[in-house]
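here you go, sequence then predicted model.
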Amino acid sequence: MPQSMGAMSLPTVERLSVYLRTLKEALAEGKDYIVSTEIARRNGFTAAQVRKDLSCFGSFGVKGKGYDVKKLIEQLEEILGINRRWNVA
């Protein structure tokens, strides 16, 4: 079962934010797909850590192809609450 935002540790939230930035950079470079080893290499993590973090929230990647950059950006923004509208009094 996917983990909720409230159950995430601070280090996980921080890594997800780093992954999101990396994905936005990859999108700007024209990449449609990115593999966990590339996300890891760009940020000094292991590919296993990237996969573990992302697997907490569901299955996003395709074995042998990687992660759809646009879809994963949308998912991470949802998980991190970045795409929410907030009512301000």
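Ah, there it is. Just so it is clear, the model here is predicted, and its values are computed rather than measured.

contacts and neighbour counts: CA atoms only from here.
Will do.

for Leu76, what are its contacts?
With contact set as CA atoms under 8 Å, 6 or more residues apart in numbering, Leu76 has these partners: Leu16, Leu20.

so it is in which element?
helix 69-80 (DSSP states H and E).

would you indicate which residues of that helix are buried?
By 16 or more other CA atoms under 10 Å, the buried positions in helix 69-80 come out as Val69, Leu72, Ile73, Gln75, Leu76, Glu77, Ile79, Leu80.

may I have that helix exported as CSV, CA atoms only?
The C-alpha trace of helix 69-80 is given here as CSV (Å, rounded to 0.1, in the frame of the first residue of the first chain):
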residue,chain,number,x,y,z
VAL,A,69,9.6,12.2,-16.9
LYS,A,70,6.3,14.2,-17.3
LYS,A,71,4.2,11.6,-15.4
LEU,A,72,6.7,11.3,-12.6
ILE,A,73,6.9,15.1,-12.2
GLU,A,74,3.1,15.1,-11.9
GLN,A,75,3.1,12.3,-9.4
LEU,A,76,5.9,13.8,-7.2
GLU,A,77,4.1,17.2,-7.2
GLU,A,78,0.9,15.4,-6.0
ILE,A,79,2.8,13.5,-3.3
LEU,A,80,4.6,16.6,-2.1
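
can you add distance to Arg42 and pLDDT and give the buried residues of helix 69-80 back as CSV?
As requested, the buried residues of helix 69-80 are exported to CSV (distance: CA to CA, whole Å; pLDDT from 0 to 100):
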residue, distance to Arg42, pLDDT
Val69, 15, 97
Leu72, 17, 96
Ile73, 16, 97
Gln75, 20, 94
Leu76, 18, 96
Glu77, 20, 95
Ile79, 22, 92
Leu80, 21, 92
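
no further queries at this time; thank you.
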